[in-house]
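> Quick one, what's the 3D model for this:
(chains A and B)
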Amino acid sequence: MAAQLDLQRGIGSLLNLAQCMRSDIALPVGALAASSSAPTRAHFRAMLDVVRYVGGTSGRGITFGGSEQPLGVWCDANFAACHDTCRSTTGWVATMYGGAVSWSSKKQPTAAASTMDAEYQACGAATRQGLSLIKALGEMGLLSSDFPLKGPVVIASDNKAAISLSKDRKEGQRVKHIDIIHHFARDHVASGELSFVYCKSEDNVSDCLTKASAKPLFEKGLAGFCMCVD
Amino acid sequence: LFYVDGELVAARTARETDALVELVASMFAIRALGEPADFLGIQVNRDCMAGTISISQEGEAQALAQSFGLEGARKAVPMSPEVFSELWSQGKGMRWQLSWICSEALAVC
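Numbering: from 1, shown residues only, chains lettered A, B, ... in the order given. Presented below is the predicted three-dimensional model:
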């Protein structure tokens, strides 16, 4: 019982860090939080490992100014990572001048039929975030002045099929089932507010929000949004 | 009646921030604390040479590690791919075990 309380306290503190500053632990903490009501010893061990990681890298945070890019959005998905529900995970991160301003790692609401389907759902989530960022920047009066954001917001994805589906209407057995809500991205691409570009999987900085990786790949992803690796 | 609050002022030039601080000072009794180093538990670091601003929750992260007696511990990644996969399949594993026990019980009957 005491161990369960300890686990919940640990997960609570980690969630706070993951939401405020540490996008690098959003995925593992999400995996822990999903089962905090019925934890096992494996969860407790995994939680302590995340605490060790966070304590050992306590200086890591968000650095702005490391990149010239005023606004960047990346999205990614894993395919059917949750063995219980066969649902995939959406991950996206938005950066301004290289520093992450918002991010998310979340299990998708419905099971995706293919990787393209999962990535397309992630594109939809990134679209919503991109639009809300434009709105927020507009409210702050940044878009009207000399803020160097010209043209549509560019969202990077590592799935060519999902990008092509966001550009034009396609019909066929593989996309027929995709729900209307996920075609949200396509409308906004058509209106010119957003555009999707392809980036290689290893260059996708939102990778750490959908996949647990070994050290080299993990740290490469962090450097992508200027989380300095000491 | 006293109202106390703290705020951050940011602008492109020091002249603009100074002007705002002066304006507020003409209306309220304030104390300008200069460049922020710690704000709401967030550590702020400015590197003028590199042209960057960094924020972190170093104190909070260390306090968390300490509360579990793990100060000074290190780990390169928060979760290995194997553990991540193991956590996601826990529920399924338990369900399999349960169905196995049920089938064994039926076989015994």
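
> Show me the strands in chain A, by range?
With DSSP state E applied, chain A shows strands at A:62-64, A:72-78, A:89-96, A:99-107, A:153-157, A:194-198, listed in chain order.

> With mean pLDDT, mean neighbour count and distance to residue A:164 as extra columns, can I get those in TSV?
Backbone N, C-alpha and C define where each C-beta goes, glycine included. Compiled in TSV, the strands of chain A are given as follows (pLDDT from 0 to 100; neighbours: other Cβ atoms under 10 Å in any protein chain shown; distance: least, Cβ to Cβ, whole Å):
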stretch	mean pLDDT	mean neighbour count	distance to residue A:164
strand A:62-64	91	22	33
strand A:72-78	92	27	15
strand A:89-96	92	26	19
strand A:99-107	92	20	24
strand A:153-157	90	23	11
strand A:194-198	91	17	9
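
> what's near enough to touch residue B:56?
A:21, A:58-62, B:42-43, B:45 (Cβ atoms under 8 Å, 6 or more residues apart in numbering or on different chains).

> if you set the cut-off to 7 Å instead, what comes out?
A:21, A:59-61, B:43 (Cβ atoms under 7 Å, 6 or more residues apart in numbering or on different chains).

> Show me which helix or strand of chain B is least confident by mean pLDDT.
Counting by mean pLDDT, DSSP states H and E, the weakest-scoring helix or strand in chain B turns out to be helix B:90-108, with a mean of 57.

> Residue 25: how many residues sit nearby?
Going with chain A. Residues within reach of residue A:25, counting by other Cβ atoms under 10 Å in any protein chain shown, total 26.

> My question was about chain B, not that one.
Counted by other Cβ under 10 Å, the residues lying close to residue B:25 total 12.

> re the thing from before, can you tell me which of the strands of chain A is nearest to residue A:169?
Taking Cβ to Cβ as the criterion, residue A:169 comes closest to strand A:194-198 out of those, the separation being 15.1 Å.

> Mind giving me the packing neighbours of the closest one?
In this structure, strand A:194-198 packs against helix A:115-139, strand A:153-157, helix A:160-167, helix A:184-190, with contacts taken as 3 or more Cβ pairs under 7 Å, 6 or more residues apart in numbering or on different chains; DSSP states H and E.

> The contacts of residue B:56 into JSON lines, with extra columns for neighbour count, distance to residue A:220 and pLDDT?
Formatted as JSON lines, the entries for the contacts of residue B:56 read as follows, by neighbours: other Cβ atoms under 10 Å in any protein chain shown; distance: Cβ to Cβ, whole Å; pLDDT from 0 to 100:
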{"residue": "A:21", "neighbour count": "23", "distance to residue A:220": "20", "pLDDT": "90"}
{"residue": "A:59", "neighbour count": "15", "distance to residue A:220": "19", "pLDDT": "90"}
{"residue": "A:60", "neighbour count": "23", "distance to residue A:220": "15", "pLDDT": "91"}
{"residue": "A:61", "neighbour count": "24", "distance to residue A:220": "18", "pLDDT": "91"}
{"residue": "B:43", "neighbour count": "19", "distance to residue A:220": "25", "pLDDT": "93"}
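
> Which of these sits closest to residue B:51?
Once Cβ to Cβ is applied, the member of the contacts of residue B:56 that ends up nearest residue B:51 is residue A:61, at 16.8 Å.

> what are the bridge partners for the residue nearest to the closest one when sequence neighbours are not counted, then?
Take residue A:61 and drop its neighbours on the chain: the residue closest to it by Cβ to Cβ, 6 or more residues apart in numbering or on different chains is residue B:56, 2.7 Å away. Counting by DSSP bridges, residue B:56 is bridged to residue B:43.

> re the thing from before, so which of the helices and strands packed on strand A:194-198 is nearest chain B?
Shortest separation from chain B across the helices and strands packed on strand A:194-198 is recorded for helix A:115-139, at 14.8 Å, computed as Cβ to the nearest Cβ.
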